[in-house]
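[1] Test case, fold it:
(chains A and B)
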2 protein chains.
Amino acid sequence: MIEKMPSAEPTVSSKQVIKEINGITTQIVCTEFSNYIFIVLSQYGKMGTLISVRPDTQSNDINNPGLSTKVMLGKDEPMTHVCAKHLATAVTQESGNRPVLLGLSLKDSSIDSINQMKEIIHSCKVW
Amino acid sequence: MIEKMPSAEPTVSSKQVIKEINGITTQIVCTEFSNYIFIVLSQYGKMGTLISVRPDTQSNDINNPGLSTKVMLGKDEPMTHVCAKHLATAVTQESGNRPVLLGLSLKDSSIDSINQMKEIIHSCKVW
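    Here you go, the predicted structure:
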């Protein structure tokens, strides 16, 4: 009789890190679900704005699909979409075009901070 | 000079547990954000349906507000709303009327299973 291996269980894996980014304490939690990558970037201890980032199936270029962003909870501001796309592009590409659900509560959304966050997300790779 | 205590950092706390419920491996992850409690109940390793459960501010009875449920991602089925309300009622009451964001991917959503899940959520209390 073959015993069921624990690794065969349908469980989700998660990594988190707390770092200072330009002097601001930032918590980053990355969780892999089979149908979604869920990433929280929090500088206020809040869930913040929840944004869904999905590969755009309407795109004409199969090899380089665009991303469509949608605010699910919280304030719907143009900058939120820009930050979400910037943060999620590499993740969705590396995870076989899986959509990304992002929780963002940022004090500092400068390009420099966003770039540092991208690197930390990469170090918390769970996909 | 007073040193900043680490506990003052705006970080989120999370607990998770993996249990068999009526023979099905179930993963439960509870995360506390200052503005949301996020709970994932997964029997498929998926994020599944994402439901927002909020105290109903339109309620006439201040002491016993109703809950309004909204499916943010995934299939919008009547049973999803019933399960979500059942699972989130105690959490929102105990956490000072905070809204709950629920990720549900359930194979078995019988009353017996849901009641066992409620108990496990209580054991993973982060609020």
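
[2] What parts of chain A come near chain B?
    By the rule CB under 8 Å from any CB of the partner chain, the part of chain A lying against chain B is A:9-12, A:14, A:16, A:18, A:25, A:27, A:29, A:31, A:33-36, A:38, A:40, A:42-48, A:50, A:52, A:72-73, A:101, A:103. Heads up, the C-betas are built off the backbone N, CA and C, glycines and all.

[3] Can you pick out the ones from those residues that are in strands?
    Counting by DSSP state E, the part of these found in strands is A:14, A:16, A:18, A:25, A:27, A:29, A:31, A:38, A:40, A:42, A:50, A:52, A:72-73, A:101, A:103.

[4] Could you check how far the residue positioned nearest the centre of chain A is from chain B?
    Computing the C-alpha centroid of chain A and ranking residues by CA atoms, centre = their mean puts A:I39 first, at 3.7 Å. Distance, A:I39 to chain B, using CB to the nearest CB, to the nearest Å: 12 Å.

[5] cool, A:R98 as well?
    In terms of CB to the nearest CB, A:R98 sits 10 Å off from chain B.

[6] Tell me the secondary structure of that residue, please.
    coil (DSSP: H, G, I helix; E, B strand; the rest coil).

[7] quick one: contacts for the closest residue to it other than its chain neighbours?
    Taking CB to CB, 6 or more residues apart in numbering or on different chains, and ignoring the residues beside it in sequence, A:R98 has A:I37 as its nearest neighbour in space, at 5.5 Å. Listed by CB atoms under 8 Å, 6 or more residues apart in numbering or on different chains, the contact set of A:I37 reads A:C30, A:T31, A:V91, A:T92, A:S95, A:R98, A:P99, A:V100, A:L101, A:V126, A:W127.

[8] any idea which of these is closest to B:Q116?
    A:T31 (23.0 Å; CB to CB).

[9] measure the closest one to B:D76 for me?
    Look at A:T31 and B:D76: by CB to CB, to the nearest Å, they are 23 Å apart.

[10] Longest helix in chain A, please.
    helix A:78-94 (DSSP state H).

[11] relative to strand A:24-32, how tilted is that helix?
    40 degrees (axes from the mean of the first three to the mean of the last three CA atoms, to 10 degrees).

[12] mind listing what's buried in helix A:78-94?
    A:T80, A:H81, A:C83, A:A84, A:K85, A:H86, A:L87, A:A88, A:V91, A:T92 (16 or more other CB atoms under 10 Å in any protein chain shown).

[13] Repeat that for stretch A:103-120.
    Applying 16+ other CB under 10 Å to stretch A:103-120 flags A:G103, A:L104, A:S105, A:L106, A:S109, A:S113, A:I114, A:Q116, A:M117, A:I120 as buried.

[14] Residue ranges in chain A under the pLDDT threshold?
    Where chain A drops to pLDDT under 70, the residues are A:1-11, A:58-65.

[15] Return the distance of stretch A:13-30 from the chain's centre.
    12 Å (CA atoms, centre = their mean, to the nearest Å).

[16] Over to that stretch now: how far is its first residue from its last?
    Stretch A:13-30 has its terminal residues 8 Å apart, counting by CA to CA, to the nearest Å.

[17] try stretch A:27-46
    Rule used - CA to CA; the end-to-end distance of stretch A:27-46 is 10 Å.

[18] Check stretch A:90-107 too.
    By CA to CA, one end of stretch A:90-107 lies 23 Å from the other end.

[19] How about stretch A:73-83?
    End-to-end for stretch A:73-83, by CA to CA: 16 Å.

[20] Give me the contact list for it.
    A:47-51, A:69, A:71, A:104, A:106, A:109, A:114, B:52, B:72, B:101.

[21] tell me the two of those residues that are most distant?
    Across those (CB to CB), the longest gap, 26.5 Å, separates A:I114 and B:S52.

[22] possible to save the buried residues of stretch A:103-120 as CSV with distance to B:D56 and secondary structure?
    Shown next, in CSV, are the buried residues of stretch A:103-120 (distance: CB to CB, whole Å; DSSP: H, G, I helix; E, B strand; the rest coil):
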residue, distance to B:D56, secondary structure
A:G103, 24, strand
A:L104, 27, strand
A:S105, 25, strand
A:L106, 30, coil
A:S109, 33, coil
A:S113, 37, helix
A:I114, 37, helix
A:Q116, 40, helix
A:M117, 36, helix
A:I120, 38, helix
